[in-house]
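Chemist: Fold the following.
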Amino acid sequence: MNATTQPAAFSGPAGPSLDRPWLKSYPSKVPQVIDDASIGTLNDIFLKARADYANRPAAESFGKRMTYAELGHATDAITSWLQQQGLKKGDRVAIMLPNVMAYPAILYGVLMAGGTVVNVNPLYTPRELTFQLQDSGARFLFVLENFGATVEEALSDLKLDRVVVVKPGDLLGLKGKVVNLVSRHVKKAVKPFSIPQSVAFTSVLAEGCRTKPQAVPVTRDDIAFLQYTGGTTGVSKGAILLHRNVVANVLQSEAWMRPFFGERTDHVMVTALPLYHIFALTVCALFMTKIGGCQLLIANPRDIPGFVKILKKSKITLMSGVNTLYNALAHAPGIREVDFSQLVFAVAGGMATQETVAKKWKEISGQPIVEGYGLSETSPVVCANRLDIEEFTGTIGYPLPSTDVTVRASDGSILPLGERGELCVKGPQVMPGYWQRPDETARVMTEDGYFRTGDVATILPDGQVKIVDRMKDMILVSGFNVYPNEVEDVIVKHPGVMEAAVIGLPDDQSGEMVVAYVVRKDPALTAEELREFCRENLTGYKVPRRVEFRELLPKTNVGKVLRRVLKEEVVRPHARRD
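Modeler: The predicted structure follows:
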């Protein structure tokens with residue numbers, strides 16, 4: 001798999017807790033280490049949940065619930081169909097879906113067949129989709145019909161055995177027909193498309209039910225996910241997440257959370273973040289399976305009025321989100337009519353949570369936002385605040401059990417408490433490396449086996465970790481990474497552009513916004529024309545919010561564009577006025 005050796009896990013404090021000050025701040029019932037080998041694979045977690053929680057709801061979508069037993073039957077059919085199509089252990093299967101009922105069944109169907117899941121953002125353009133599927137070598141693709149036209153456009157450059165077309169109402173029974181009708185005709189969200197030899201998801205279920213799936217000997221060292229990310233360098237690549245990595249993070253999360261919600265069996269987790277994002281994948285889909293909870297799947301979280309209507313009808317106990325989502329909900333009409341009396345906690349990750357948003361959310365829900373931190377390369381959770389905080393802390397909390405962190409200088413030396421440096425992580429949740437990119441893997445690992453996050457942080461005296469800034473030029477838009485290199489590469493393909501530089505600037509709604517500074521080749525080129533060009537080649541959140549034309553861009557004496565100078569020109573004057 002072209003990866004480095006799995007980093008050694010933190011097995012417990014080797015000396016006084018001064019070496020790891022966060023251990024003194026742990027809640028009394030949270031262990032310092034986990035037995036990450038107590039459960040072998042994600043398949044084992046699923047099989048146990050299927051047996052122990054058969055009659056409990058596993059997921060809810062559009063008002064319809066599916067039990068763990070029903071999820072198990074659908075999973076068997078998908079596993080069997082994939083095996084009938086010739087899927088072999090280790091083959092990659094791409095899932096290009098929002099949060100619809102079919103997603104959990106497909107997820108576990110692939111894993112039970114011994115396959116590797118490649119999560120794909122459904123909003124990707126044909127160019128982005130082509131790169132990810134070519135790089136991963138995916139043999140199969142499950143895609144929502146709303147995005148079939150994108151697949152059709154990219155198909156000639158792909159080597160897929162089969163494409164499975166999913167409808168929003170699949171696995172919803174009779175109600176699903178209504179959902180599909182609304183999606184197709186009322187919202188007119190489905191563009192006509194033609195994908196030769198594609199198969200409907202309903203046919204997959206029907207064909208798969210005819211034979212029992214074959215058991216596949218999946219091990220802890222098999223690859224569960226190729227989770228694509230730009231990491232700390234901006235080059236899109238697949239983080240290899242072994243079953244052992246993700247299982248460890250599920251167990252770490254449970255060890256951190258379980259003391260605060262006990263053994264109750266009726267948890268409902270609001271799952272609005274897309275399951276193709278590593279945060280929702282682990283904290284919602286996989287963690288809820290481990291504890292026998294129900295995922296309340298929100299297919300379109302951008303529809304805030306619709307989202308609020310769903311919340312009004314639901315008895316939610318757990319919630320996950322990002323700053324922009326909490327902010328939108330907090331200002332939505334009708335949010336105060338939602339019953340938050342059963343809410344145990346609301347966690348946030350993916351981007352920095354703003355204090356004003358946290359205060360507003362607590363005032364409405366009665367619960368503070370519990371912020372955490374993680375990356376695709378760490379499965380993802382590294383740190384989290386205690387769940388018993390009364391007010392928002394502004395930190396990312398403490399390293400989870402079996403996790404060690406250090407703050408390092410540019411030469412790799414470990415810095416003392418309170419000093420700023422690059423946050424580095426070691427633990428059983430850390431990936432072994434990037435898919436087919438040993439050079440990139442070597443670049444992000446220290447000699448003693450720590451993953452270099454690329455984030456500037458400091459460790460406070462009590463062990464809390466505070467993120468100060470990012471070392472690279474990555475832009476974080478509503479929790480999603482945007483890499484200037486990729487956006488610049490698209491912009492300069494326009495015939496009217498000479499050169500371009502892209503930076504991120506603060507934005508109240510999305511945390512940061514993408515801003516492009518462009519030197520024109522064609523004086524008639526307009527900002528809107530260029531933004532439209534970007535929309536054709538980039539996912540929406542990557543498209544520059546602002547385009548500014550300049551005669552020259554600041555550069556070094558060797559011709560490298562100085563993004564830092566562009567940013568300082570905008571940010572510093574505002575900082576002085578404040």
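Chemist: thinking residue 550 is in contact with residue 515, fair?
Modeler: No - if you go by Cβ atoms under 8 Å, residue 550 and residue 515 don't touch, sitting 11.8 Å apart. C-beta: built from backbone N, CA, C; applies to glycine.
Chemist: Which one's more surrounded, the two?
Modeler: residue 515 (20 against 14; other Cβ atoms under 10 Å).
Chemist: who touches that one in this structure?
Modeler: 502-505, 544-548, 570 (Cβ atoms under 8 Å, 6 or more residues apart in numbering).
Chemist: Ok, residue 536 next?
Modeler: Residue 536 neighbours (Cβ under 8 Å, 6+ apart): residue 125.
Chemist: Next one: it from residue 527, what distance?
Modeler: 15 Å (Cβ to Cβ, to the nearest Å).
Chemist: same thing with residue 515?
Modeler: For residue 515, the distance to residue 527 - Cβ to Cβ - is 11 Å.
Chemist: Need the overlap of contacts for these two.
Modeler: Common neighbours of residue 515 and residue 527 (Cβ under 8 Å, 6+ apart) are 546-548.
Chemist: Any chance of these in JSON lines with secondary structure, pLDDT and distance to residue 106 as columns?
Modeler: Listed next are the shared contacts of residue 515 and residue 527 as JSON lines, based on DSSP: H, G, I helix; E, B strand; the rest coil; pLDDT from 0 to 100; distance: Cβ to Cβ, whole Å:
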{"residue": "546", "secondary structure": "strand", "pLDDT": "96", "distance to residue 106": "38"}
{"residue": "547", "secondary structure": "strand", "pLDDT": "97", "distance to residue 106": "39"}
{"residue": "548", "secondary structure": "strand", "pLDDT": "96", "distance to residue 106": "43"}
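Chemist: which residues touch residue 408?
Modeler: Residue 408 touches 414-415, 421-422, 424, 446, 450, 452, counting by Cβ under 8 Å, 6+ apart.
Chemist: Of those, which belong to strands?
Modeler: Per DSSP state E, strands hold the following members of those: 421-422, 424, 452.
Chemist: so residue 180, which of the three states?
Modeler: In the three-state summary, residue 180 is assigned as helix, counting by DSSP: H, G, I helix; E, B strand; the rest coil.
Chemist: Just the pLDDT for the closest residue to it other than its chain neighbours.
Modeler: The shortest distance from residue 180 to any non-neighbouring residue, by Cβ to Cβ, 6 or more residues apart in numbering, is to residue 169 (4.1 Å). Note on residue 169: pLDDT of 97.
Chemist: What's the local residue count around residue 169?
Modeler: There are 24 residues near residue 169, going by other Cβ under 10 Å.
Chemist: I'd say residue 379 and residue 244 touch.
Modeler: No - checked against Cβ under 8 Å, the pair residue 379 and residue 244 is beyond contact range at 9.7 Å.
Chemist: Let me see the contact set for residue 199.
Modeler: Residue 199 neighbours (Cβ under 8 Å, 6+ apart): 162-165.
Chemist: what residues are up against residue 305?
Modeler: 332-334.
Chemist: How about the biggest helix by length in the chain, which residues are buried there?
Modeler: Identified as the longest helix of the chain according to DSSP state H is helix 243-261. Across helix 243-261, burial judged by 16 or more other Cβ atoms under 10 Å covers 243-253, 255-257, 259.
Chemist: ok, the residue sitting nearest the centre point of the chain to residue 386 distance?
Modeler: The centroid of the chain falls nearest to residue 277 when counting by Cα atoms, centre = their mean (2.1 Å). Going from residue 277 to residue 386 by Cβ to Cβ gives 24 Å.
Chemist: now, which of the contacts of residue 199 sits nearest residue 110?
Modeler: Ranked by distance to residue 110 (Cβ to Cβ), the contacts of residue 199 are led by residue 164 at 11.1 Å.
Chemist: how many neighbours does that closest one have?
Modeler: 25.
Chemist: Mind telling me what element the nearest residue to it once chain neighbours are set aside is part of?
Modeler: Counting by Cβ to Cβ, 6+ apart, residue 164 lies nearest to residue 142, which is 4.6 Å off, once chain neighbours are set aside. Following DSSP states H and E, the helix or strand that holds residue 142 is strand 140-144.
Chemist: Report the buried residues of that strand.
Modeler: Quick answer for strand 140-144 (16+ other Cβ under 10 Å): 140-144.
Chemist: next one: stretch 494-512
Modeler: For stretch 494-512, by 16+ other Cβ under 10 Å, it's 494, 497, 499-505, 510-512.
Chemist: Can I get it as CSV, trimmed to CA atoms?
Modeler: What follows is stretch 494-512, C-alpha atoms only, in CSV (Å, rounded to 0.1, in the frame of the first residue of the first chain):
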residue,chain,number,x,y,z
HIS,A,494,-9.1,30.7,-18.4
PRO,A,495,-7.8,32.3,-21.6
GLY,A,496,-8.3,35.8,-20.2
VAL,A,497,-6.0,35.2,-17.1
MET,A,498,-2.3,35.9,-16.9
GLU,A,499,-1.7,34.8,-13.3
ALA,A,500,-3.6,34.4,-10.1
ALA,A,501,-3.1,34.1,-6.3
VAL,A,502,-5.8,32.7,-4.0
ILE,A,503,-6.0,33.3,-0.2
GLY,A,504,-8.6,32.9,2.5
LEU,A,505,-10.0,35.9,4.4
PRO,A,506,-12.2,36.0,7.5
ASP,A,507,-15.9,35.6,7.0
ASP,A,508,-18.6,35.7,9.7
GLN,A,509,-20.7,33.0,8.0
SER,A,510,-18.3,30.4,6.8
GLY,A,511,-15.2,31.1,8.9
GLU,A,512,-13.2,32.0,5.8
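Chemist: contacts for stretch 21-31?
Modeler: 13, 17, 32, 255-256, 258-260, 386-388, 398-399, 401, 417, 459, 461-465.
Chemist: contacting residues for residue 349?
Modeler: Counting by Cβ under 8 Å, 6+ apart, residue 349 has contacts 279, 283, 320, 322, 371-374, 380-381, 479.
Chemist: for residue 295, that is, sorry about that
Modeler: 58-60, 104, 269, 271, 284-285, 288.
Chemist: Go again with 10 Å.
Modeler: Listed by Cβ atoms under 10 Å, 6 or more residues apart in numbering, the contact partners of residue 295 are 57-61, 66, 99, 101, 103-104, 267-271, 275, 280, 284-285, 287-289, 318.
Chemist: now swap in residue 119 and tell me
Modeler: 94-97, 103, 107, 132, 225-228, 238, 274-278, 281, 376.
Chemist: quick one: which of these sit in helices?
Modeler: Filtering these for helices - DSSP H - leaves 103, 107, 132, 278.
Chemist: Residue 552 is in contact with residue 520, correct?
Modeler: No - look at residue 520 against residue 552 with Cβ atoms under 10 Å: they stay out of range, at 11.6 Å.
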